[in-house]
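Novice: just coords:
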């Protein structure tokens, strides 16, 4: 079974002690490609250094709204410089993690909006998909995306919106990222929405090390958990694990412009 983890933070220090083991074990379980997302200017070098160690890791660069107070105007310019310098590199796949967060009251909404729009413009300029953080801000994000109309679309990370919001994102060319949140028995509203989603509209993710699924509660999340997440979400959506794996892999490849049948890993990789 071929799976793609479309949203990880494998560069975070949480993985410093066993990152190679996590990658090896994940590959052995069928998680063949993983996207590592930047969140602030200070982690882009670390992220890129990590991605360069493995041809099946892919980088997205962005300025996350939660780190708004750390961001500076020159960081947007620097983001453009990174994207320009690495334009066309096969391991640069998106602009992200970007978006709007209305859950945390201390985050200035106007400042977030300006930052979001500047980065959406970079995604448009460099013909890249956008990987979006959306928390209690669906209406504003949808309104903004309608103005930008990104040709490459992107992914709504950790989607937990309504059926109507799902339809709006799909019409705008975005896929919906599903992960650990949908595995929790108490997520009844999300389960009802997920059951109605077309398979052509969803991708899988972990958000490792965060958002652990119910079967690994209170543990560090990991790409190793993606097969279990796939299994649990398939049950909620009323399809087989194989159907969900095949559809979400094809959808991720569509977003990122990848070959859905990647070349085999070199001898010795992906095994214990």
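Specialist: Nice, thanks for sending it over. The shown structure was predicted, so the numbers you read here are calculated from the model rather than taken from an experiment.
Novice: show me where the stretch 1-150 of the chain has strands.
Specialist: In the stretch 1-150 of the chain, the segments counted as strands under DSSP state E, counting those that start in this stretch are 3-8, 31-37, 57-61, 92-101, 130-135.
Novice: Deepest-packed of those strands, please.
Specialist: Burial among these, expressed as mean neighbours by mean count of other C-beta atoms under 10 Å, is greatest for strand 3-8, which shows a mean of 28. Glycine gets a C-beta too; all of them are placed from N, C-alpha and C.
Novice: just checking, what packs against that strand?
Specialist: Under the contact definition 3 or more C-beta pairs under 8 Å, 6 or more residues apart in numbering; DSSP states H and E, strand 3-8 sits against strand 31-37, strand 202-204, helix 226-237, helix 241-256.
Novice: With mean pLDDT added, can I get those in a markdown table?
Specialist: As requested, the helices and strands packed on strand 3-8 are exported to a markdown table (pLDDT from 0 to 100):
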| stretch | mean pLDDT |
| --- | --- |
| strand 31-37 | 98 |
| strand 202-204 | 99 |
| helix 226-237 | 98 |
| helix 241-256 | 98 |
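Novice: Output those in CSV; the columns should cover distance to residue 215.
Specialist: Compiled in CSV, the helices and strands packed on strand 3-8 are given as follows (distance: least, C-beta to C-beta, whole Å):
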stretch, distance to residue 215
strand 31-37, 16
strand 202-204, 15
helix 226-237, 6
helix 241-256, 14
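Novice: out of those, which comes closest to residue 88?
Specialist: Across the helices and strands packed on strand 3-8, residue 88 has its closest neighbour in helix 241-256 (13.8 Å, C-beta to C-beta).
Novice: now the closest one: how far from the chain's centre is it?
Specialist: The gap between where helix 241-256 is centred and where its chain is centred comes out at 14 Å by C-alpha atoms, centre = their mean, to the nearest Å.
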